[in-house]
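**Student:** here is my input; please provide its structure:
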Amino acid sequence: MNFAVVEDSRSQAEVLKALLKSEGHQAEIFAEGRACLEALQTRSFDCFILDWTLPDMEGMEVLRQVRAQCGWEVPVIFCTARTDEEAASDILRAGADDYIPKPIRYMEFMARIHALLRRRGPRIGTLNFGGIEIDLDGRRIRLAGVDVDLTQREFELAVILLKNIGRVLSRDELLTSIWSRDSGVDTRTVDTHASRLRKKLGLSGESGLMLSSVYGQGYRLDTVQGS
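**Tutor:** Here you go, the predicted structure:
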């Protein structure tokens, strides 16, 4: 599995990386939260290990954006020097799966990692909807077995729509989930990308799916009856 270790102490981060590698995992170190979030534009991670306090932003903000971009399936673990009950409550209520107090006890660290991954189960790398196949690990989409050339944002929009078939997603919700870090972007960007996806993925019914604009609300993807 591929881990993102967001920790500004280089020595601490290297130890965690070595521990993870000893168990057959991969790990990438980020000294700042922003660097990790920027990396999500081009690659994916199976688990995040976050420091509470980072040089450029709070770990809580990194958590919020990780959840917005990656969803709730990806495990997130905090490492923090704060051990009081209030801190633990804040971390878990904010959406973290677990926390490990500093100084880190490394055997306990790996045991918690293993327990969390067992609870989450195996990651599903491929999803199929109608004639569309999503390769989540490779970040590719195929239509009728043929790779479709999508931009990074188009891919992210397609995944959100396909994971929410039958549900109306507002333009603001889509804008926040995909373009939260981009200034000067408005809901017209969502409309443009939705139009492109409709053509590229056959979402006018050809693929077995129909992307509709719901007046005054947003977009809804539905299966086509008889497909």
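**Student:** going forward, measure contacts and count neighbours with C-alpha atoms only.
**Tutor:** Noted.
**Student:** CA atoms of the worst-scoring helix or strand of the chain on mean pLDDT as PDB?
**Tutor:** Ranked by mean pLDDT, DSSP states H and E, the weakest helix or strand in the chain is strand 126-129, scoring a mean of 78. Extracted as PDB, the C-alpha positions of strand 126-129 are listed here (Å, rounded to 0.1, in the frame of the first residue of the first chain):
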ATOM      1  CA  THR A 126     -11.600  -1.300 -10.400                       C
ATOM      2  CA  LEU A 127     -15.300  -0.200 -10.600                       C
ATOM      3  CA  ASN A 128     -17.700  -0.900 -13.400                       C
ATOM      4  CA  PHE A 129     -20.800   1.100 -14.400                       C
END
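**Student:** show me what that strand pairs with in its sheet, parallel or antiparallel.
**Tutor:** Sheet partners assigned to strand 126-129 using DSSP bridges are listed as strand 132-135 (antiparallel).
**Student:** flag every buried residue along the partner strand.
**Tutor:** By 16 or more other Cα atoms under 10 Å, the buried positions in strand 132-135 come out as Ile132, Glu133, Ile134.
**Student:** chain center to the least confident helix or strand of the chain: distance?
**Tutor:** Centroid separation for strand 126-129 versus its chain: 17 Å, with Cα atoms, centre = their mean, to the nearest Å.
**Student:** which residues touch it?
**Tutor:** Glu133, Ile134, Asp135, Leu136, Asp137, Leu162 (Cα atoms under 8 Å, 6 or more residues apart in numbering).
**Student:** please redo it, this time with the cut-off set to 10 Å
**Tutor:** The contact list for strand 126-129 (Cα atoms under 10 Å, 6 or more residues apart in numbering) reads 133-143, 159, 162-163, 165, 207-209, 223.
**Student:** any idea which helix or strand carries the nearest residue to Arg139 once chain neighbours are set aside?
**Tutor:** Distances taken as Cα to Cα, 6 or more residues apart in numbering place Phe155 nearest to Arg139, at 7.4 Å, with adjacent residues excluded. Secondary structure from DSSP states H and E places Phe155 in helix 152-162.
**Student:** quick one: average confidence on that helix?
**Tutor:** For helix 152-162, the mean pLDDT works out to 88.
**Student:** do the same with stretch 133-145
**Tutor:** Rounded mean pLDDT across stretch 133-145 is 83.
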